[in-house]
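# Got a predicted structure here, sequence first:
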Amino acid sequence: MLTLTANAAQAIRDLTAAAPEPTQSGIRISSQGEGANALTLSLATAPEPADEVVEAEGARVYLDQVAATVLDDKSLDAGADDQGAVSFLVTERPA
């Protein structure tokens, strides 16, 4: 299952704090088109019916079935640039 770093959890909490339903809001990672060559990340107010839900430190990530399979052994990290723009990075999970 995908894991979240403390930085990623904080970034997700910051992004969803202003959402209409912050207690259920999170980010959703989903596949685009055929296969797992392209994953997209978007804000979501709730999971889709078939989504896998990952929760850590008050942050929620919703994964569609393809994303859940592709990211099963990965970790999600986050950082911000000098202008404060958040970026997410998928890394290998530490052993």
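Okay, I see it.

# show me where the chain has helices.
For the chain, the helices defined by DSSP state H cover 6-16, 65-70.

# Flag every buried residue along the longest one.
Using 16 or more other Cβ atoms under 10 Å as the burial criterion, the residues of helix 6-16 that qualify are Asn7, Ala8, Ala9, Gln10, Ala11, Ile12, Arg13, Leu15, Thr16. Using the backbone N, CA and C atoms, a C-beta is placed for each residue, glycine as well.

# now stretch 13-32
Within stretch 13-32, the residues that count as buried by 16+ other Cβ under 10 Å are Arg13, Leu15, Thr16, Ser25, Gly26, Ile27, Arg28, Ile29, Ser30, Ser31.

# Contact partners for the closest residue to the fifth one other than its chain neighbours?
Pointing back at Gly26 there. The shortest distance from Gly26 to any non-neighbouring residue, by Cβ to Cβ, 6 or more residues apart in numbering, is to Arg60 (3.0 Å). Contact partners of Arg60, counting by Cβ atoms under 8 Å, 6 or more residues apart in numbering, are Ile12, Thr16, Gln24, Ser25, Gly26, Ile27, Pro47, Val53, Val54.

# can you tell me how far the most centrally placed residue in the chain sits from Val90?
Centroid-nearest residue in the chain: Val61, 4.1 Å away (criterion: Cα atoms, centre = their mean). As judged by Cβ to Cβ, to the nearest Å, Val61 and Val90 stand 11 Å apart.

# Return every residue with contacts to both of the two.
In the contact map built from Cβ under 8 Å, 6+ apart, the residues linked to both Val61 and Val90 are Leu76.

# Model confidence score at Gly35, please.
For Gly35, the pLDDT comes out at 57.
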